[in-house]
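Peer 1: 3D model of this:
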Amino acid sequence: MDSSGARTQSFGQTEINWDKLDKTKFYVVGAGLFTGITVALYPVSVVKTRLQVASKDIADRNAFAVAKGILKADGVPGLYRGFGTVITGAIPARIIFLTTLETTKVATFRMVEPLKLSEPSQAAIANGIAGMMGSLCAQAVFVPVDVVSQKLMVQGYSGYATYNGGVDVVRKVIKADGVRGLYRGFGLSVITYSPSSAVWWASYGSSQRLFWRILGHGAEQKEAPSLGEIVGVQAAGGVVAGATASCITTPLDTIKTRLQVQVMGDENRQNAVRVVKKLVADEGWKGLYRGLGPRFFSMSAWGTSMILAYEYLKRLCAKEE
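Peer 2: Residues are numbered from 1 along each chain as shown. Presented below is the predicted three-dimensional model:
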């Protein structure tokens, strides 16, 4: 039995390998599923971004006050600023991410099998490397989408400029800084999202194995777990992964966001070091954790929803034997 087969049997046949999927169905149905999740959770990203860029003298410094202010000023559409840009860029980015994730995961499991590590350790290494590689490959699409959507999220807020949609943002960014302006914060995005993705998938893979052991579905278990157990373990793994990743990477995300929403053409624009110094001088080290609450909720909720949808998608798109 190959390594992927061995690990599938070892925790109750709950994983479906990449080679067993109908890829066309996987991509088409997946686009619809993940778009739906994005619709549900997008407002949290808007609130988190506004918290991270708020000036020191802004009064509404908690998530509820920011959300209330957005609703009062712009209604529900205000919570979806930049949504069109995100959806347009998210589909190709997710195709790149998921393809890289799954193919790298299979290859890495085969590489670590001879090391005879424990199953949670193998899962952490394989999932972590796969998550990091998936994020690295997807950044070419994600970063310009981030730059444009975040400028739309904060427009008119705390002194930031206003735009007439995503196309207007792209036009003005290129006019001011050239194409490289769309990749502002690219290095920090790679530093933020790649470790975040690695930590998320490593935490998810290892915690899932640990939960299966607690439930008695170890290597010698022959009886497959129920659907309820599968969903419960996957959801719990998503929460653990989201909590771990958000706590580790929020400071980098705060710095990246502030860099990406700075005014174009401003001679006083700051680099990463100056952003850190200003935040620490104004608020102490806790300033680097601006938006931790919404980011924690977003990563946990998004991660849990995403992984449940993703695992369901894989079951739905599995080829018939």
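Peer 1: what about the strands in the stretch 1-150 of the chain?
Peer 2: Counting by DSSP state E, counting those that start in this stretch, one finds no strands in the stretch 1-150 of the chain.
Peer 1: low-confidence ranges in it?
Peer 2: 1-15, 56-61 (pLDDT under 70).
Peer 1: excluding chain neighbours, what is closest to Tyr80?
Peer 2: Computed as CB to CB, 6 or more residues apart in numbering, the closest residue to Tyr80 that is not its neighbour in sequence is Tyr42, at 6.0 Å. The C-beta positions use only the backbone N, C-alpha and C, and glycine is treated the same way.
Peer 1: the one you found contacts Gly78, doesn't it?
Peer 2: No. Counting by CB atoms under 8 Å, Tyr42 stays clear of Gly78, with 11.5 Å between them.
Peer 1: what's the local residue count around the closest residue to Val141 other than its chain neighbours?
Peer 2: With sequence-adjacent residues excluded and distances taken as CB to CB, 6+ apart, Val141 is closest to Ala93, at 4.0 Å. Residues contacting Ala93 under the criterion other CB atoms under 10 Å number 21.
Peer 1: any idea how far Ala93 lies from Pro144?
Peer 2: 10 Å (CB to CB, to the nearest Å).
Peer 1: my guess is Arg258 meets Arg274, correct?
Peer 2: No. Using CB under 8 Å, Arg258 is not in contact with Arg274, being 9.8 Å away.
Peer 1: okay, these two: which has more neighbours?
Peer 2: More neighbours surround Arg258 than the other of Arg258 and Arg274, with 23 against 13 (other CB under 10 Å).
Peer 1: wait, is the more buried one part of a strand?
Peer 2: No. Judged by DSSP: H, G, I helix; E, B strand; the rest coil, Arg258 forms no part of a strand; its state is helix.
Peer 1: name the nearest residue to it, sequence neighbours excluded.
Peer 2: Among residues not flanking Arg258 along the chain, Val275 sits closest, at 5.0 Å (CB to CB, 6+ apart).
Peer 1: helix or strand for that neighbour, which one?
Peer 2: helix 272-283 (DSSP states H and E).
Peer 1: need the residues that contact that helix.
Peer 2: For helix 272-283, contacts defined as CB atoms under 8 Å, 6 or more residues apart in numbering pick out 56, 188, 254-255, 258-259, 270, 287-288, 290.
Peer 1: out of these, which is nearest to Lys25?
Peer 2: Among the contacts of helix 272-283, Leu188 lies closest to Lys25 (CB to CB), at 36.1 Å.
Peer 1: list the contacts of that closest one.
Peer 2: 252, 255-256, 259, 272.
Peer 1: need the max-distance pair from those.
Peer 2: Most distant of these, by CB to CB, are Leu252 and Leu259, 10.7 Å apart.
Peer 1: of the two, give the one with the bigger neighbour count.
Peer 2: Between Leu252 and Leu259, counted using other CB under 10 Å, Leu259 has the larger neighbour count: 21 against 18.
Peer 1: backbone dihedrals for the closest residue to that one other than its chain neighbours, please?
Peer 2: Closest residue to Leu259 apart from its sequence neighbours, by CB to CB, 6+ apart: Gly185 at 4.4 Å. Per-residue torsions, Gly185: phi 80, psi 10 (degrees, to the nearest 10).
Peer 1: do you know the pLDDT at Gly185?
Peer 2: Gly185 carries a pLDDT value of 76.
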